[in-house]
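give me the fold of what follows.
(2 chains)
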Amino acid sequence: MADKLKLEMVTPYKRVLSVEVDEITAPGFVGELGLLPGHTPLLTTLKVGELTYKNGNEVFHIAVNWGYLEVEDDLVTVLVDTAETADEIDLARAKAALGRAEDALKTLPLEDKKYMVMEAALQRALIRIQVAGKGH
Amino acid sequence: MPSLKDIKKRIGSVKNTQQITKAMKMVAAAKLRRAQEAAVAARPYAEKLQSVMSNLAAREEGDGHVLLNQRGTGRALIVLMTADRGLCGGFNANVSKEAERFIRSNEQGYDDIDLMIIGRKGRDFLRSRVGDHITKVHENITTDATYKTAQLIGVEIIDAYSEEKYDAVYVIYNAFQSAIVQIVTVEQVLPIQPKETEAVQEGTVDYLYEPDRGEVLSQLLPKMVEVQIFRALLESNASEQGARMSSMDSASRNASEMIGKLTLQYNRARQAAITKELMEIISGAESIK
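Model prediction:
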């Protein structure tokens, strides 16, 4: 059994990551998900959230937005719509988006279609701010 | 025999045209590089999704999802990808002709075939030929196509398919081979046909699914459609730029050739005029003696 996990992360625009890591924490659909080498095959959907991976003593954070995670033979494949590291996040823009979403949520009725959209936008903005705050 | 002035005018106008075609070629070359990079960058995602898909299909227990079910032949939808602008050789005509051919040869097979056209040129080309099949035209979305664009089209198709408005969806586009080679490609988008890889079927370790298999599948399948559309859009865009670049290149070359010929003609005419003048002067001087 290998003592490392291979993490591959791709978005429709590019291959974001292809690295060997010790540990991965991902925002799974039913809850936070910790992955170590030797994990059983798994296929799960991901929520908007923060994916963390550890390599030695270094910890990296990435804001991911909706996707899949597949584990097979210590190969972890992550397919996401967007993936941003802390340096890539425009904090000012995220904060503006947060403000907009909050305002919209206050005024919109719960059954409005837009409510869901804005709620998702709110989550994305929150995660971005959270990741940006942690550095890489 | 055209006069000196006429020839000079023509040389001037051909030169102007050449400048335009040269500029268009440069622009297309720059755009091609970007489009090609985008198309290449999108490949890993599509491949990964495909392999996840076939992993999933290998463990398929036959509970068909609506997007996987073969419903036989009823109504079909063709998504045709063309460009919004011309001056790119046979790019638009080739792919549009393929769509026309597809409609004609499958008219018996399907009850009805609808055509969704992306790009203005495809509509212009097909309106007079198979106009009554065209149901929808999207314009100005091919250049700078984002994933969002593909998603919108994908959702539109999936909705129509789920409502059983269509029983099969095809996409016809120019696949990018190289800057000078584009291959007209017909692909079936729906119902989804997972490529089965034998290697996977041997080692069937059962997956853990979160939340559960059906849920994962029902989110994965629409993704599959979107990615296919996205890829086709990118490839089509790269092909368009490639086709434009090579056709503008040959246009520039033709223009230089023409300028060469006209210059030769101009010089001959000039020479003839000088000779004529000289003869006149000499014979004039002769007669005074």
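
now the helices for chain A?
A:91-107, A:113-134 (DSSP state H).

tell me where chain A has strands.
Under the criterion DSSP state E, chain A carries strands at the ranges A:5-10, A:15-21, A:23-28, A:31-35, A:42-46, A:49-55, A:58-72, A:75-85.

any chance of those strands in TSV, plus mean neighbour count?
C-betas here are computed from N, CA, C, even on glycine. Putting those into TSV (neighbours: other CB atoms under 10 Å in any protein chain shown) gives the following:
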stretch	mean neighbour count
strand A:5-10	22
strand A:15-21	16
strand A:23-28	20
strand A:31-35	14
strand A:42-46	21
strand A:49-55	20
strand A:58-72	21
strand A:75-85	21
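
can you redo those as CSV with distance to chain B?
Below are the strands of chain A laid out as CSV (distance: least, CB to the nearest CB, whole Å):
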stretch, distance to chain B
strand A:5-10, 4
strand A:15-21, 5
strand A:23-28, 6
strand A:31-35, 8
strand A:42-46, 4
strand A:49-55, 14
strand A:58-72, 5
strand A:75-85, 5
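
quick one on the thing from earlier: out of the helices of chain A, the one nearest chain B is which?
helix A:113-134 (13.2 Å; CB to the nearest CB).

list the contacts of that closest one.
Identification of contacts with helix A:113-134 by CB atoms under 8 Å, 6 or more residues apart in numbering or on different chains yields A:48-50, A:61-63, A:65, A:84-86, A:89, A:91, A:94-95, A:97-98, A:100-102, A:104-105, A:108-109.

quick check: B:Val52 touching B:Leu220?
Yes: here B:Val52 reaches B:Leu220: they are 7.0 Å apart, a contact under CB atoms under 8 Å.

which neighbours do the two have in common?
Counting by CB under 8 Å, 6+ apart, the residues touching both B:Val52 and B:Leu220 are A:Tyr68.

local confidence estimate at B:Lys5?
We note a pLDDT of 90 for B:Lys5 in this prediction.

which other helices and strands contact whichever strand or helix holds it?
Counting by DSSP states H and E, the element that carries B:Lys5 is helix B:4-58. Using 3 or more CB pairs under 8 Å, 6 or more residues apart in numbering or on different chains; DSSP states H and E, the elements in contact with helix B:4-58 are strand A:5-10, strand A:15-21, strand A:42-46, strand A:58-72, strand A:75-85, helix B:198-202, helix B:213-288.

and if we set it to 7 Å?
strand A:5-10, strand A:75-85, helix B:198-202, helix B:213-288 (3 or more CB pairs under 7 Å, 6 or more residues apart in numbering or on different chains; DSSP states H and E).

burial check on B:Ala41, number of neighbours?
For B:Ala41, the neighbour count with other CB atoms under 10 Å in any protein chain shown is 16.

for the residue nearest to A:Leu36 when sequence neighbours are not counted, what are its contacts?
Nearest residue to A:Leu36, sequence neighbours excluded (CB to CB, 6 or more residues apart in numbering or on different chains): A:Glu23, at 5.8 Å. Taking CB atoms under 7 Å, 6 or more residues apart in numbering or on different chains, we find A:Glu23 in contact with A:Leu35, A:Leu36, A:Tyr53, A:Lys54.

for stretch B:41-48, what is the average pLDDT?
Mean predicted confidence for stretch B:41-48 is 84.
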